[in-house]
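In: curious how this folds, go ahead:
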Amino acid sequence: MNVLLLRACYAPWVVTLLDGDPHCGHGQGVRTVILLRHGKSSWSDRTLADLDRPLTPRGKRASKRIAKYMRRNRIRPALILCSTSLRTRQTLEAIEPSLDQGCSVELVPELYAASERELLERLQAVPGSASSVMLIGHNPSLQQLALLLASQGTDLTKLGEKFPTGALATLAVDSESWVALKPGDAELVDYVVPRDLG
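Out: Numbers count the residues shown, from 1 in each chain. Below you'll find the model as predicted:
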């Protein structure tokens, strides 16, 4: 079953596909990958290690806009994997009010410097019980992962041009399991950047 058929089973996709409904009448699980780049971070203190750079006030405001967008569109990951950098953890804090109580959160040090292939391997290790997973991490690997996974999507060209701080990309995955996930198995079904949200 291709991704277009997956979307046809869910109308509208934002309400049902991202809201955790695991099946689509055909017996195949629907999986969702949500990629969130951390908000804009500060370079004001050059003595800080890169891992310890905080969000700027602008980065905090942008992360809160994304949180509102997630709430409005019922984007509810079952599992969040977050880099251990301060800026990603602060981004996670900003979106926490939009998450379901049942959402599991894991801080994963390896996400900090991971390549897109390493991120794919981490997705392949996601438990089968999780129908959706969000990665909160860094560029260029998040953008490269999205481009590696997505074979189609109206905003694919836009995402390929830029994946700015605070950007949120949602991909519908056509794969029998997380273990079987491979390049080209997804469709980019939503892409938003904070400045588009006012």
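In: all strands of the protein, in order?
Out: Under the criterion DSSP state E, strands of the chain are mapped to 31-37, 79-82, 104-107, 132-137, 150-152, 168-173, 186-192.
In: save those strands as a markdown table, and put in distance to Arg61 and mean neighbour count too.
Out: To be clear about C-beta, it is placed using only N, CA and C from the backbone, and glycine gets the same treatment. Below are those laid out as a markdown table (distance: least, C-beta to C-beta, whole Å; neighbours: other C-beta atoms under 10 Å):
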| stretch | distance to Arg61 | mean neighbour count |
| --- | --- | --- |
| strand 31-37 | 15 | 25 |
| strand 79-82 | 20 | 20 |
| strand 104-107 | 22 | 13 |
| strand 132-137 | 17 | 26 |
| strand 150-152 | 28 | 18 |
| strand 168-173 | 15 | 25 |
| strand 186-192 | 15 | 23 |
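In: any chance of these in CSV, plus distance to Ala94 and mean pLDDT?
Out: Formatted as CSV, the strands of the chain follow (distance: least, C-beta to C-beta, whole Å; pLDDT from 0 to 100):
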stretch, distance to Ala94, mean pLDDT
strand 31-37, 10, 97
strand 79-82, 12, 98
strand 104-107, 13, 96
strand 132-137, 10, 98
strand 150-152, 26, 96
strand 168-173, 12, 97
strand 186-192, 15, 97
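In: want to throw the ones you listed into CSV with distance to Lys68?
Out: Converted to CSV, the strands of the chain look like this (distance: least, C-beta to C-beta, whole Å):
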stretch, distance to Lys68
strand 31-37, 14
strand 79-82, 17
strand 104-107, 19
strand 132-137, 16
strand 150-152, 25
strand 168-173, 12
strand 186-192, 11
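In: how about the ones you listed, which one is nearest Lys158?
Out: strand 186-192 (6.3 Å; C-beta to C-beta).
In: listing partners with orientation, what would you give for that closest one?
Out: strand 150-152 (parallel), strand 168-173 (antiparallel) (DSSP bridges).
In: for this protein, what spans make up the helices?
Out: 3-9, 13-16, 57-72, 86-95, 116-124, 141-149, 156-161 (DSSP state H).
In: could I get the ones you listed as a markdown table with mean pLDDT, mean neighbour count and distance to Val105?
Out: Below are the helices of the chain laid out as a markdown table (pLDDT from 0 to 100; neighbours: other C-beta atoms under 10 Å; distance: least, C-beta to C-beta, whole Å):
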| stretch | mean pLDDT | mean neighbour count | distance to Val105 |
| --- | --- | --- | --- |
| helix 3-9 | 32 | 16 | 26 |
| helix 13-16 | 37 | 16 | 22 |
| helix 57-72 | 96 | 18 | 14 |
| helix 86-95 | 98 | 21 | 7 |
| helix 116-124 | 97 | 17 | 15 |
| helix 141-149 | 97 | 22 | 18 |
| helix 156-161 | 96 | 13 | 25 |
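In: among the ones you listed, which comes closest to Trp178?
Out: Per C-beta to C-beta, nearest to Trp178 of the helices of the chain: helix 116-124, 5.6 Å.
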